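K.L.:
Give me the fold of what follows.
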Amino acid sequence: MPKPKRSRALGRAAGYQSGWSEGHHYGVCQAITAKHAEPEGVLFDLHVAYIEEVMFGVNDGIIESLSGLVTKFSRCLPYDNPVAKIAQLRPDLVLVLNGIHLIGPAVVDAIRALGIPVAVWFVDDPYFTDKSAMIARHFDYVFTHELSCVPFYRQLGCAQVHHLPLAASRKIFHPRQVPLHFRKEISFIGTGFWNRIRTIDQIAPYLARKDTFIAGGLWRRLQSYRRLAPKIVAWTQLAETVNYYVGSKIVINIHRSHDDAQHNRNSRRLLGLSVNPRTFEIAACGTLQITDVRSDLTNFYIPGQEIETFSTPGELAAKIEHYLRHEDQRRAIAARALHRTIAEHTYRRRLHTLLVTTMGAGSLLANKRKPAFAPPAVEPGPRSGGPSWGNGSETVSDGQGADDQSLGREET
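P.N.:
The predicted model follows:
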């Protein structure tokens, strides 16, 4: 057979095999997604006002989930006189996302003076704790995704401090079929902080030989920038980011460093122990993720089974090569990560926890409904016991049974 014909035949065979494999994995992911349909229905008899911040996937995930959990939901922009709007709305609870860039202590104090409790969810910890420390004590409830910051806020005098991990928006981050130009062997999307620059520089010769995609600011600081420049773009829209996550065989996740004095506001050098939102978002796309190690990673995923980790740049390159060569292993880990994520790590679950913590289980509609039938008649007189019709201390399922319990201005 002439060489050109043989090459075309081999190309067709490889293309067929690749297409079949992609289609099979997509089918597996669809089956997993269908098995764990997102619960629907309002669960809390509450009016919650939400003061948002531009954190893209995080903000969107909170809005879509919180609005579906409560009887009334109101959005407030931080620069649109939120105090006056909340005074008019009179919600049961105000939730603030981050609150360190666009609102100050005076705004929080004015809302609390109305008799309305205010909670904050810090999702940039520990990188901006110099700023969050100045406002944290003004909130009734402090939630942080960062384990190292729980004792920090308590030491500041905050009475109610809770660890609340981040999650993935199922509406935004999910497996899908994407156009061919989003299909890459390797991708990394995020700002070129110095620790990321050092890692990528050390494996640049390897990445240059692969079908690699890098997106984000500050990557011109790479010593190997000229070599990798054809593979780097300065920005992607959120929808494009998701498509690259879905379309890539492997997505790298490198957490930013806690001690980057140039980009952080963390003079106390609080450690970064907790995982970033990217950890959950990549997993929710049904793609293999290789991430650096954070202390609480094993609370969410099992390394080697649901996620892969690395400790050195050399180990990262070696594992990328291994999983590019072992497609079945790569897809199996990705599928298990998808299953774990949509079963346990969604914003609906996180916000369910937040609402019970702040407003109590008594705010659940299930605890407010009267029985559909009358209790059996009893003889008049003292009662020492009898049937229970529900109380504020019992656990109430939201359709997520016990077996299932478990980029903005600056990115996390």
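
K.L.:
Do I have it right that Val28 meets Ala334?
P.N.:
No. Between Val28 and Ala334 there is no contact under CB atoms under 8 Å: 9.1 Å. For glycine as for every other residue, the C-beta is placed from the backbone atoms N, C-alpha and C.

K.L.:
And Arg331, how close does it get to Glu22?
P.N.:
Distance of Arg331 to Glu22, given as CB to CB, to the nearest Å: 10 Å.

K.L.:
actually Pro165, sorry about that
P.N.:
Summarising the geometry, the distance separating Pro165 from Glu22, computed by CB to CB, is 31 Å.

K.L.:
Who has more neighbours out of those two?
P.N.:
Between Pro165 and Glu22, Pro165 has the larger neighbour count (other CB atoms under 10 Å), namely 23 against 16.

K.L.:
Please name the nearest non-neighbouring residue to the more buried one.
P.N.:
His145 (5.5 Å; CB to CB, 6 or more residues apart in numbering).

K.L.:
State the number of residues packed around the one you found.
P.N.:
The number of residues packed around His145, counting by other CB under 10 Å, is 23.

K.L.:
Which stretches in this structure count as strands?
P.N.:
Along the chain, the stretches classed as strands by DSSP state E are 44-51, 70-76, 93-97, 118-122, 141-144, 161-163, 184-189, 212-215, 232-233, 248-253, 288-292, 308-310.

K.L.:
Compare Val28 and Ala334 (neighbour count), which wins?
P.N.:
A side-by-side neighbour count of Val28 and Ala334, using other CB under 10 Å, places Ala334 first with 28 against 18.

K.L.:
Am I right that that one is in contact with Ile290?
P.N.:
No. Between Ala334 and Ile290 there is no contact under CB under 8 Å: 11.1 Å.

K.L.:
close enough to count as contact, Tyr301 and Arg340?
P.N.:
Yes. Under the contact definition of CB under 8 Å, Tyr301 touches Arg340, with a separation of 6.2 Å.

K.L.:
The two: which is more packed in?
P.N.:
The residue with more neighbours, out of Tyr301 and Arg340, is Tyr301; 25 against 22, by other CB under 10 Å.

K.L.:
shared neighbours of Tyr301 and Arg340, which are they?
P.N.:
Between them, Tyr301 and Arg340 have Ala283 as joint contacts when contacts are counted by CB atoms under 8 Å, 6 or more residues apart in numbering.

K.L.:
one step back: take the strands of the chain and write them to TSV, including distance to Phe173.
P.N.:
As requested, those are arranged in TSV below (distance: least, CB to CB, whole Å):
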stretch	distance to Phe173
strand 44-51	20
strand 70-76	21
strand 93-97	18
strand 118-122	19
strand 141-144	21
strand 161-163	22
strand 184-189	12
strand 212-215	16
strand 232-233	20
strand 248-253	11
strand 288-292	12
strand 308-310	19
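
K.L.:
I'd like to know which of these lies nearest to Asn276.
P.N.:
Closest to Asn276 of the strands of the chain is strand 248-253 (CB to CB; 7.3 Å).

K.L.:
Taking strand 288-292 as reference, get the angle to that closest one.
P.N.:
With axes from the mean of the first three to the mean of the last three CA atoms, to 10 degrees as the basis, strand 248-253 and strand 288-292 are set at 20 degrees to each other.

K.L.:
Name the surrounding residues that touch strand 248-253.
P.N.:
When contacts are taken as CB under 8 Å, 6+ apart, the neighbours of strand 248-253 outside the stretch itself are 182-189, 213, 244-245, 276, 278-279, 282, 285, 287-292, 316, 320, 323-324, 330.

K.L.:
And those residues, which of them are buried?
P.N.:
Taking 16 or more other CB atoms under 10 Å as the criterion, what is buried in the contacts of strand 248-253 is 182-184, 186-189, 213, 244-245, 276, 278-279, 282, 285, 287-292, 316, 320, 323-324, 330.

K.L.:
Let's check: the centremost residue of the chain is which one?
P.N.:
Among the residues of the chain, the smallest C-alpha distance to the mean C-alpha position (CA atoms, centre = their mean) belongs to Ala167, namely 3.0 Å.

K.L.:
Run through the protein and note the low-pLDDT ranges.
P.N.:
Under the criterion of pLDDT under 70, the regions of the chain flagged as low confidence span 1-21, 369-412.

K.L.:
Tell me where it has helices.
P.N.:
Along the chain, the segments classed as helices by DSSP state H run 3-35, 57-69, 82-89, 105-112, 129-135, 149-155, 194-202, 204-209, 225-228, 238-247, 277-283, 313-325, 327-344, 347-359.

K.L.:
Next, the contact list for Ile172, please.
P.N.:
With CB under 8 Å, 6+ apart as the criterion, the residues that contact Ile172 are Gly57, Asp60, Gly61, Leu238, Val242, Glu281.

K.L.:
And it, how close does it get to Val58?
P.N.:
Ile172 is 10 Å from Val58, by CB to CB.

K.L.:
Kindly report the same for Pro117.
P.N.:
Shown here: Pro117 relative to Val58, a distance of 22 Å by CB to CB.

K.L.:
If you count surrounding residues, which of these two has more?
P.N.:
Between Pro117 and Val58, Val58 has the larger neighbour count (other CB under 10 Å), namely 27 against 17.

K.L.:
Surely the more buried one touches Val123?
P.N.:
Yes. Taking CB under 8 Å as the contact criterion, Val58 and Val123 are neighbours in contact, 5.7 Å apart.

K.L.:
Kindly point out which residues are neighbours of both of the two.
P.N.:
Residues within reach of Val58 and of Val123 at once, by CB under 8 Å, 6+ apart, are Leu97, Leu166, Pro277.
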